[in-house]
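[1] no sequence for this one, just the structure:
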């Protein structure tokens, strides 16, 4: 099993460009999460999904959109990238409700917005 | 909203010394989880504490959950170079489907 995978691993964007980050898991997990990690800020939840076809906002959702069309995939979109979105993005999944179960993290995507 | 404070931000120790990181929440927690992130890596789950006053051990690591369920600690005995990384606590107050609130982490730096 691959666990949680993320593509791409690295990306450089110019301000105003758009992109989609893909997260895939092969563990049949219901819950999936997108976090961003900035120096000295820990991990902050952007959006999450409790099942196929559902999404919800986390702590820092502005400037991002998500979709969960298939149970195994969770996409994070940036419609108009800004330098403040320069960060490392981690996807995670869990079998049950994330706060009560171990979360499995992907390797991360390092995004730079110029 | 819920806040989880973690101290210290950085901790330098000599190999073989002990290490402790502390986590404090502004609200009572339903549970708390601990994760470790190696440099350049991703967070990896270590343990979850649920009960008031709970203590769990994993080899040289000891995890505690406070009686009031508002604080927690991770203690490593006799650190080794493999312990290098950032340790995060993550708490949940319950009452909804919201995610965990992570502390900012403690960076453990070990000098051989």
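    Arrived safely, thanks for sending. These figures come from a predicted structure and were not determined experimentally. Numbering: from 1, shown residues only, chains lettered A, B, ... in the order given.
[2] and the most centrally placed residue in chain B, what helix or strand is that in?
    Closest to where the C-alpha atoms of chain B average out (Cα atoms, centre = their mean) is residue B:89, at 3.9 Å. Assigned by DSSP states H and E, residue B:89 belongs to strand B:85-92.
[3] that strand: partners in the sheet, and parallel or antiparallel?
    Sheet pairing for strand B:85-92, assigned by DSSP bridges, gives strand B:31-37 (antiparallel), strand B:101-102 (antiparallel), strand B:106-111 (antiparallel).
[4] re the thing from before, apart from its neighbours in sequence, what residue is nearest the residue nearest to the centre of chain B?
    Leaving aside its sequence neighbours, residue B:89 sits nearest to residue B:23 (Cβ to Cβ, 6 or more residues apart in numbering or on different chains; 3.6 Å). C-betas here are computed from N, CA, C, even on glycine.
[5] which parts of stretch A:80-98 are buried?
    A:81, A:85, A:86, A:87, A:88, A:89, A:90, A:91, A:92, A:93, A:94, A:98 (16 or more other Cβ atoms under 10 Å in any protein chain shown).
[6] what kind of secondary structure is residue A:24 in?
    Using DSSP: H, G, I helix; E, B strand; the rest coil, the structure places residue A:24 in strand.
[7] where in the chain is pLDDT low?
    In the absence of a named chain, this looks at chain A. Across chain A, nothing is flagged by pLDDT under 70.
[8] not what I meant, chain B
    B:1, B:95-98.
[9] for chain B, give me its nearest residue in chain A.
    Residue of chain A nearest chain B, by Cβ to the nearest Cβ: residue A:99 (3.5 Å).
[10] max pairwise distance over the buried residues of stretch A:80-98: which two?
    The most widely separated members of those, counting by Cβ to Cβ, are A:81 and A:94 (28.3 Å).
[11] name the nearest residue to residue A:8, ignoring sequence neighbours.
    Leaving aside its sequence neighbours, residue A:8 sits nearest to residue A:109 (Cβ to Cβ, 6+ apart; 6.1 Å).
[12] what do you get for residue B:11?
    Nearest residue to residue B:11, sequence neighbours excluded (Cβ to Cβ, 6+ apart): residue B:108, at 5.5 Å.
[13] related to what we said a few turns ago, distance of the closest residue in space to the residue of chain A closest to chain B that isn't next to it in sequence from residue B:110?
    Spatial nearest neighbour of residue A:99, chain neighbours left out: residue B:92 (3.5 Å); criterion: Cβ to Cβ, 6+ apart. Computed as Cβ to Cβ, to the nearest Å, the residue B:92 to residue B:110 distance reads 30 Å.
[14] between those two, who's got more neighbours?
    Per other Cβ atoms under 10 Å in any protein chain shown, whichever of residue B:92 and residue B:110 has more neighbours is residue B:92, with 24 against 20.
[15] quick one: the strands in chain A?
    For chain A, the strands defined by DSSP state E occupy A:4-7, A:10-13, A:19-25, A:31-38, A:42-49, A:56-57, A:65-67, A:73-78, A:87-94, A:104-105, A:109-113.
[16] adding distance to residue B:58, write these out as JSON lines.
    Listed next are the strands of chain A as JSON lines, based on distance: least, Cβ to Cβ, whole Å:
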{"stretch": "strand A:4-7", "distance to residue B:58": "23"}
{"stretch": "strand A:10-13", "distance to residue B:58": "33"}
{"stretch": "strand A:19-25", "distance to residue B:58": "25"}
{"stretch": "strand A:31-38", "distance to residue B:58": "24"}
{"stretch": "strand A:42-49", "distance to residue B:58": "22"}
{"stretch": "strand A:56-57", "distance to residue B:58": "33"}
{"stretch": "strand A:65-67", "distance to residue B:58": "34"}
{"stretch": "strand A:73-78", "distance to residue B:58": "30"}
{"stretch": "strand A:87-94", "distance to residue B:58": "20"}
{"stretch": "strand A:104-105", "distance to residue B:58": "18"}
{"stretch": "strand A:109-113", "distance to residue B:58": "30"}
